[in-house]
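Any chance you can model this:
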Amino acid sequence: MMKRNLFGNAPMVLTACLLICGLALIGCTPREPKPSGDTPQTTASPKRIAEPASSERHGEVEQARPSAAETTKPQQPAKKKEPEEKPTTEPAAAKSPESSLSEQLENVQEKPRDLGPPLVDNPASLIRLSREEPIWVDRQNKHVVLQGEVCRAGYPLEFFATYSNRAYEAVVSVNVKPSTAHAGLLAVGAKPGHPAKFQPEFVPPTGTEVAIDVRWKDDKGKVQTAPAQHWIRNIKTGKPLDSNWVFAGSGFIRDEATGKEYYMADSGELICVLSLPTAMLDLPIRSYGALEARSFEAFEEHLPPAETPVTIVLKPILTTAGKPTAEPAVGAVPSQPSLERQEEAITKAVEAVQPWLKLLDGGEYGQSWETAADYLKKTVERRNLVKSFSEARKPLGAVKSRKLESKKYLTCLPQAPEGHYVLLQYKTDFEHKNGQTETVTMMLDKDKKWRFSGYYVK
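Have a look, this model is predicted:
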């Protein structure tokens, strides 16, 4: 039988009283405070351009958030409690981690880092789209130019470029709203399609195909250029990303409480590598959202140091009336050059084709498109070229030997604009088939460099 305490419940009452008094003196903040009808709560929210957001997964669309003015309630003064001994100096109120993060994000937004001028060939042709955001339109070349800085992703990628507060799963952080980039793409003639759809079955995103270049300065101050795909690695194959993006165009969602519409991608879905129903630019493939199933990671070996300023050039692949644009590569073509000049052109073309053949033999079909002549890139979409090369070369297997058998200088080819061409023919033995003839067409591009413009094997 339990012995009854001589003082009954007095110790328990005394303990409770001491606990209440202690809390009144020092205060007690719950780990996860919840708003109630008696206690007003203030929610600190950064400006929308740097607004943190959760990732969408397989068709889940994030609900639009009201603005900071709508979500922030007026702060009421706390009721004063009489301490037993009044301190000579009142301690400052502790800030929650959420409030500190919001203040940091607001400071980043108010004082963006100076990234210097955009690294483009003709800065005079740029038209700035926003005073606050580093983004321009190049109407002459039909490009959209924006700036950011290299970051170090800690996880498999969800984005190529997004806000700094989501940079832990991106390659480049930017201070540009996707809605502003959307407007820029419209201004240069790109057409939005639709983001990825998941019901009743998966449908990949559509829209104008967009190639992306990145430019930065190396440690010697020299400007370097690479396709954005060069900074992204396929986790399974270990090779660079082999696809351009498409202008999916995101969409709008209405806040029923306020009647306001929000551009969904403004929560950060600028340039995505994950299939997202809110993406502005996305890959035209299925890329899973679960962390353990993601397809891509940062290609660390190809990246410049973290925080390196980078210029991102969005290059829509435009067509006219559904037909490829046919723009001569070098303008007016002079009369047939002398034999000496022809031999010089052939020598340069043969030298220029070697790195391209290396890409082709290595299965880097997407990269071979990136290094192609401007005319070909305007007439053949990257994905179509990749498909054609894959169908033609994979059944043949690896190259065992290749010998140049003929070379010819030309100024015109069927179904091509006038220009300077060199036609090269090789006799090639493949792993699964010998004695094949490879024909490669090299073209003198606008920058006076020889580039691939045609290939077939039989």
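
just the helices in the chain please.
10-26, 68-71, 97-110, 178-187, 339-361, 365-370, 374-379, 382-393 (DSSP state H).

Could you tell me the least trusted of those helices?
Looking over the helices of the chain, mean pLDDT reaches its minimum on helix 68-71, with a mean of 40.

Could you chop the chain up by domain?
123-317, 339-457 (automatic domain parsing).

what's the neighbour count on Glu269?
30 (other CB atoms under 10 Å). For every residue, glycine as well, the C-beta is placed using N, CA and C.

Could you do Lys446 as well?
15.

I'd assumed Asp374 was in contact with it.
Yes: checked against CB atoms under 8 Å, the pair Lys446 and Asp374 is within contact range at 6.1 Å.

how about low-confidence regions in the chain?
1-112, 288-293, 319-337, 415 (pLDDT under 70).

if you set the cut-off to 50 instead, what comes out?
1-93, 96-110, 320-334 (pLDDT under 50).

What is the longest strand of it by residue count?
strand 399-410 (DSSP state E).

And the contacts of that strand?
337, 342, 345-346, 349-350, 357, 361, 420-431, 434, 438 (CB atoms under 8 Å, 6 or more residues apart in numbering).

Any of those buried? List them.
Neighbour-count burial (16 or more other CB atoms under 10 Å) applied to the contacts of strand 399-410 gives 342, 345-346, 349-350, 357, 420-424, 426, 428, 430, 438.

Just name the closest of the residues you listed to Val223, please.
Nearest to Val223 among the buried ones among the contacts of strand 399-410, counting by CB to CB, is Ala349 at 25.7 Å.

tell me the contacts of the residue nearest to Asp242 when sequence neighbours are not counted?
Among residues not flanking Asp242 along the chain, Gly366 sits closest, at 3.7 Å (CB to CB, 6 or more residues apart in numbering). Listed by CB under 8 Å, 6+ apart, the contact partners of Gly366 are Gln229, Pro240, Leu241, Asp242, Ser243, Asn244, Arg382, Val386.

same check, this time on Gly189
Lys142, Pro316, Leu318.

rerun that using 6 Å as the cut-off
Shown in contact with Gly189 (CB atoms under 6 Å, 6 or more residues apart in numbering): Leu318.

got the CA positions of stretch 381-400 in CSV?
Extracted in CSV, the C-alpha atoms of stretch 381-400 (Å, rounded to 0.1, in the frame of the first residue of the first chain):
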residue,chain,number,x,y,z
GLU,A,381,16.5,21.3,-84.1
ARG,A,382,18.9,19.8,-81.7
ARG,A,383,16.7,16.9,-80.7
ASN,A,384,16.1,16.0,-84.3
LEU,A,385,19.8,16.0,-85.0
VAL,A,386,20.5,13.9,-81.9
LYS,A,387,17.9,11.4,-83.0
SER,A,388,19.2,11.1,-86.6
PHE,A,389,22.8,10.6,-85.5
SER,A,390,21.8,8.1,-82.9
GLU,A,391,19.9,6.1,-85.5
ALA,A,392,22.7,6.3,-88.0
ARG,A,393,25.8,5.7,-85.8
LYS,A,394,24.8,3.4,-82.9
PRO,A,395,24.2,0.3,-85.0
LEU,A,396,27.7,0.7,-86.6
GLY,A,397,29.5,0.6,-83.3
ALA,A,398,32.9,2.2,-82.6
VAL,A,399,35.2,3.6,-85.3
LYS,A,400,38.2,1.2,-85.9
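
Give me the buried positions along it.
Glu381, Arg382, Arg383, Leu385, Val386, Phe389, Arg393, Leu396, Val399.

The second one reaches Trp369, doesn't it?
Yes: in terms of CB atoms under 6 Å, Arg382 counts as a neighbour of Trp369; the distance is 4.6 Å.

Let me know the distance separating the residue nearest to Asp242 from Gln229.
Separation of Gly366 from Gln229 (CB to CB, to the nearest Å): 6 Å.

Not counting sequence-adjacent ones, nearest residue to Leu413?
In space, Leu413 is closest to Tyr421, 5.8 Å off (CB to CB, 6+ apart).

Show me the beta-bridge partners of the one you found.
Leu410, Met443 (DSSP bridges).

contacting residues around it?
Leu410, Leu413, Thr441, Met443.

try 10 Å this time
Shown in contact with Tyr421 (CB atoms under 10 Å, 6 or more residues apart in numbering): 329, 345, 349, 373, 408-413, 441-444, 450, 453-454.
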